[in-house]
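Colleague: Turn this into a model:
(chains A and B)
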Amino acid sequence: MNFANNSGLLAALLLFASTAILAQNTPPAIGAATAAESSMAALIESGSRDTFRALDADVQTLKKEVLDLNRDLFLLEEELLFPANSQVAFFVSMDVGEYFKLDSVSLTIDGKEVANYLYTDREVDALLRGGVHRVHMANLKTGEHELIAVFTGQGPHARDYRRGATVKIDKGIGAKYLELEINDRVSKQQPEFEIREWE
Amino acid sequence: MQVRRILILLALAVHAVGVASVSGLSGQPAPDFALKSASGENLRLSEYRGDVVMINFWATWCGPCRQEMPLLDELYSRYKRVGFNLLGVNIDDDPNKAISMISELGVTFPVLFDSSKEVSKLYDVNAMPVTVLIDREGQVRFVHYGYKSGYEQKYLDQVRSLLRE
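Modeller: As a prediction, the model looks like this:
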């Protein structure tokens, strides 16, 4: 019984002492935790700031990529979805025709024959009266292309005549119109073949 | 029930006959072309719009063509004044053979040279001769494959009916 009383007293003393110790130790412990927390917070903050910066950079890069993609798509749309823009039309016209009676026109684009048109007397007559004949329409990619136009017919003194003209076509965005013009060169008494672009 | 089945079969048969008669080029716009003729000028089919046109595809190695051509020439001489035109399209590789044959036969209708066979392909020429009749509107109305004696009467009837339209 006596021991029980003593042990109770001891427990009470211990409890008191521990409370006192705790009471003494608590303030410095809280201060340390706050510092650690703040340093941690600073670390987290700087880390998150870095992360935010990286994310921001990523977003900016993404935005730029989206803009680039959008631009590319727009250009592609223009180049591919609107074939009218890729069209190239070739017209034949004649002036006077004293030194040349047109028989046929053959067009070769990038090594491939795309048109070979035979002109009847009526059609030649229409050309001589100022008519312009659309001999071919093509869809060409943007870039440089080679056009070879071969004219056959009868030259001066009713001789068979065959003449070729080559031109480099620089195809950009938008329709292009090329005129294959047959003129008389009075000084040489010969026909002259010219390929010119309509503005 | 039996009667109904017979009617359905009849309807199908009539439909099949109808399809066969309009198969191929018949009823379609005649594909346009331009070819060099024996006289040296270029001739274009579309310039004959408003006339009845017969196109006769032939070759020098084709016996029935040789038989048929003088008869076609008679038809041409008789009806050319009233809006009938005949274009003989030769498919030989060498046009000189055709020139000698037409002078031998004394053919007067225009003969064109399709050495590259492009026009023959357009008209699906898979027999020799092939005779195509085109109305004033430029529609293919009759196509005859090959030639047998008596075909000229058919041509005559068809040309006359097309001229009357």
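Colleague: Can you give me the distance of the residue nearest the centre of chain A to B:Glu47?
Modeller: Among the residues of chain A, the one closest to the centroid is A:Asp72, at 3.5 Å (C-alpha atoms, centre = their mean). Distance, A:Asp72 to B:Glu47, using C-beta to C-beta, to the nearest Å: 49 Å. (Each C-beta comes from the backbone N, C-alpha and C, glycine too.)
Colleague: Likewise for B:Asn56?
Modeller: 18 Å.
Colleague: what do you get for A:Phe90?
Modeller: Using C-beta to C-beta, we find A:Phe90 at a distance of 22 Å from B:Glu47.
Colleague: Which of those two has more residues huddled nearby?
Modeller: A:Phe90 (25 against 16; other C-beta atoms under 10 Å in any protein chain shown).
Colleague: List the neighbouring strands of whichever strand or helix holds the more buried one plus their orientation.
Modeller: According to DSSP states H and E, A:Phe90 maps onto strand A:87-94. Partners of strand A:87-94 in the sheet, by DSSP bridges, are strand A:132-139 (antiparallel), strand A:176-185 (parallel).
Colleague: mean confidence for that strand?
Modeller: Average pLDDT, strand A:87-94: 90.
Colleague: Now do the same for B:Gly40: helix, strand or coil?
Modeller: coil (DSSP: H, G, I helix; E, B strand; the rest coil).
Colleague: Would you check that B:Val119 makes contact with B:Ala34?
Modeller: No - applying C-beta atoms under 8 Å as the test, B:Val119 and B:Ala34 come out as separate, 9.1 Å apart.
Colleague: Contact residues of chain B facing chain A?
Modeller: Selection of chain B residues close to chain A by C-beta under 8 Å from any C-beta of the partner chain yields B:Ala34, B:Leu35, B:Lys36, B:Glu41, B:Asn42, B:Leu43, B:Arg44, B:Glu47.
Colleague: In strands only, show me these.
Modeller: Using DSSP state E, the members of those that fall within strands are B:Ala34, B:Leu35, B:Lys36, B:Asn42, B:Leu43, B:Arg44.
Colleague: okay, residue 10: pLDDT?
Modeller: You didn't say which chain, so I picked chain A. Value for A:Leu10, per-residue pLDDT: 48.
Colleague: oops, chain B please
Modeller: For B:Leu10, the pLDDT comes out at 41.
Colleague: what's the answer for B:Lys97, then?
Modeller: At B:Lys97, pLDDT is 91.
Colleague: Could you find the closest non-adjacent residue to it?
Modeller: Excluding the flanking residues, the one nearest B:Lys97 by C-beta to C-beta, 6 or more residues apart in numbering or on different chains is B:Thr60, at 4.6 Å.
Colleague: Now do the same contact list for that neighbour.
Modeller: B:Asn90, B:Asp92, B:Lys97, B:Ala98, B:Met101 (C-beta atoms under 8 Å, 6 or more residues apart in numbering or on different chains).
Colleague: In a markdown table: those, plus neighbour count, secondary structure and distance to A:Gly174.
Modeller: Converted to a markdown table, the contacts of B:Thr60 look like this (neighbours: other C-beta atoms under 10 Å in any protein chain shown; DSSP: H, G, I helix; E, B strand; the rest coil; distance: C-beta to C-beta, whole Å):
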| residue | neighbour count | secondary structure | distance to A:Gly174 |
| --- | --- | --- | --- |
| B:Asn90 | 25 | strand | 45 |
| B:Asp92 | 18 | coil | 47 |
| B:Lys97 | 14 | helix | 50 |
| B:Ala98 | 23 | helix | 48 |
| B:Met101 | 19 | helix | 53 |
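Colleague: and B:Ile99, how many neighbours does it have?
Modeller: B:Ile99 has 16 neighbours, counted by other C-beta under 10 Å.
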